[in-house]
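all I have is the shape, not the residue letters:
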């Protein structure tokens, strides 16, 4: 399993509307094949920044989502609130201890 990590900058003044829309958007992304959950958190120091994390079976599963009609719905619900394009990266398995 991998984690998609996205830093999202919401246009100032749109934070509350973004969060209302994001409740619907999280249900959309979590319905995607091989998605094992997602959450979004508000940055404490700057309320316009959010951290989105999504658990996927693989990077390929995330990329397949981006080619699907589910992504189009995700985009409708979220992208209008972005101040700039999110910075998206992927992380692998945790360090074995």
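Structure's in. What do you need? Bear in mind the structure is a predicted one, so any value in this text is a computation, not a measurement.

how close does the residue nearest the centre of the chain get to residue 40?
Among the residues of the chain, the one closest to the centroid is residue 52, at 4.3 Å (Cα atoms, centre = their mean). With distances taken as Cβ to Cβ, to the nearest Å, residue 52 is found 5 Å from residue 40. Just so you know, the C-beta spots here come from the backbone N, C-alpha and C atoms, and that holds for glycine as well.

shared neighbours of those two, anything?
Listed as contacting both residue 52 and residue 40 by Cβ atoms under 8 Å, 6 or more residues apart in numbering are residue 8.

contact partners for the residue nearest to the centre of the chain?
Residues in contact with residue 52 (Cβ under 8 Å, 6+ apart) are 4-8, 38-40, 86.

between these, which is closest to residue 26?
Residue 26 lies nearest to residue 38 out of these, by Cβ to Cβ, at 5.3 Å.

circling back to that earlier point, secondary structure element holding the residue nearest to the centre of the chain?
Residue 52 is part of strand 49-56, with elements assigned from DSSP states H and E.
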